[in-house]
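Peer 1: have a look at this prediction, sequence included:
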There are 2 protein chains.
Amino acid sequence: MQDQLSQTFAALADPTRRALLGRLSHGQANVSDLARPFLKDMSLPAVTKHLKVLERARLITKTRAAQWRPCRLNAVALKDAAGWMEKYRVFWEESFDRLDDYLKTVTSKKHTKGRKNDLKK
Amino acid sequence: MQDQLSQTFAALADPTRRALLGRLSHGQANVSDLARPFLKDMSLPAVTKHLKVLERARLITKTRAAQWRPCRLNAVALKDAAGWMEKYRVFWEESFDRLDDYLKTVTSKKHTKGRKNDLKK
DNA sequence: CTTATATAAAACCAAGTAGTTAATTAACTA
DNA sequence: TAGTTAATTAACTACTTGGTTTTATATAAG
């Protein structure tokens, strides 16, 4: 993976990782705390790997305290991802706007060729 | 991939696919129109595959018109993804809030064991 | 009926992902 | 020093991804 935005979205494309972020939104935690809820489903190294993905995507930061590795949420990358999505907000904010936009698209493509199809709309 | 949200984020984790969505935000287009800007970098089947990823993630809808396949943006899945991110908005909205949150986390973990470490903060 | 156009499907490959178990490192504790 | 706890690393496997080239299908146009 190359660019930051792709890395962020890729890191979010996994329910385990999203749950880890959810846990960290309540406060910092070290690896075994974070892993505990998942140990019925997967091993500790699997969680460590997920954390490494989140760390490389700069969604969390890991520090050191004795043998523990406290992790904290880092929301900067989330901000960028949310910023990218903002451009599309207008497309879901009201469904009648989408219809309006659709009609504009159709008419701008067709208006040199007559308006037969307008009957249907 | 399993859940809708993961599928959405995974589909967004590629610059080509994000550019395709960007193009579709200006109006519907068929496959070869969409592919044109990318044909220096990759083949047409590659673009078709990207479109299929977007389609399975329900980010676009493909219809039929003669031998063309007009594609349109479908923002519902984007809405859900943006909705998920909303929970984290508070973590990037102002950096001093993050520091405040951090301090609350630290003190709630340590206040039963004395406050020796508070000197450092 | 033949040919050109638009798109999809098939078969393949290299690289990446998500998991495993086993071994290793590092720090505290007795 | 020996043992325990926390976490990482290594080696391996199965699956997925993103690309390729080649082949096929469907529609339109002569």
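Peer 2: Yep, it's here.
Peer 1: could you point out the helix or strand that follows the strand or helix carrying residue A:61?
Peer 2: Assigned by DSSP states H and E, residue A:61 belongs to strand A:60-62. From strand A:60-62 onward toward the C-terminus, using DSSP H and E, the following helix or strand is strand A:71-73.
Peer 1: picking that back up, output the contacting helices and strands for the strand holding residue A:61.
Peer 2: On a contact count with 3 or more CB pairs under 8 Å, 6 or more residues apart in numbering or on different chains; DSSP states H and E, strand A:60-62 meets helix A:15-24, helix A:44-56, strand A:71-73. Where C-beta positions appear, they are placed from N, C-alpha and C, glycine not excepted.
Peer 1: name the helices or strands packed onto the longest one?
Peer 2: Spelled out, it's helix A:44-56. So helix A:44-56, by 3+ CB pairs under 8 Å, 6+ apart, packs with helix A:4-12, helix A:15-24, helix A:31-35, strand A:60-62.
Peer 1: can you tell me which of those is packed in deepest?
Peer 2: helix A:4-12 (a mean of 22; mean count of other CB atoms under 10 Å in any protein chain shown).
Peer 1: is DNA strand D contacted by that one?
Peer 2: No - using CB under 7 Å from any atom of the strand, helix A:4-12 stays clear of DNA strand D, with a minimum separation of 8.1 Å.
Peer 1: so what does residue A:40 look like in phi/psi?
Peer 2: Dihedral angles of residue A:40 (phi, psi; degrees, to the nearest 10) stand at phi -80, psi -30.
Peer 1: against residue B:90, how distant is it?
Peer 2: Distance, residue A:40 to residue B:90, using CB to CB, to the nearest Å: 31 Å.
Peer 1: so between these two, which is more surrounded?
Peer 2: Comparing residue A:40 with residue B:90 by other CB atoms under 10 Å in any protein chain shown, the one with more neighbours is residue B:90, at 13 against 6.
Peer 1: which strands or helices does whatever helix or strand that one lives in pack on?
Peer 2: In the assignment (DSSP H and E), residue B:90 maps to helix B:89-93. Contacts defined by 3+ CB pairs under 8 Å, 6+ apart place helix B:89-93 against helix A:76-86, helix B:95-110.
Peer 1: up against DNA strand C, what does chain A have?
Peer 2: Close to DNA strand C, as judged by CB under 7 Å from any atom of the strand, chain A has residues A:1, A:10, A:13-14, A:16, A:41-43, A:45-46, A:49-50, A:53, A:66-67.
Peer 1: top of these by number of neighbours, please.
Peer 2: Going by other CB under 10 Å, residue A:13 tops the residues of chain A next to DNA strand C with 22 neighbours.
Peer 1: how much space between it and residue B:24?
Peer 2: Noted for residue A:13: a distance of 21 Å to residue B:24, by CB to CB.
Peer 1: with residue A:60 instead?
Peer 2: Residue A:60 sits 33 Å away from residue B:24, going by CB to CB.
Peer 1: again, but for residue A:36
Peer 2: Residue A:36 is 43 Å from residue B:24, by CB to CB.
Peer 1: over to residue A:21?
Peer 2: Residue A:21 is 29 Å from residue B:24, by CB to CB.
Peer 1: next one: residue A:85
Peer 2: Counting by CB to CB - residue A:85 and residue B:24 are separated by 15 Å.
Peer 1: try residue A:63
Peer 2: From residue A:63 across to residue B:24, the span is 42 Å (CB to CB).
Peer 1: do residue A:41 as well
Peer 2: As judged by CB to CB, residue A:41 and residue B:24 stand 37 Å apart.
Peer 1: give me the nearest residue to residue A:65, chain neighbours excluded.
Peer 2: residue A:30 (7.7 Å; CB to CB, 6 or more residues apart in numbering or on different chains).
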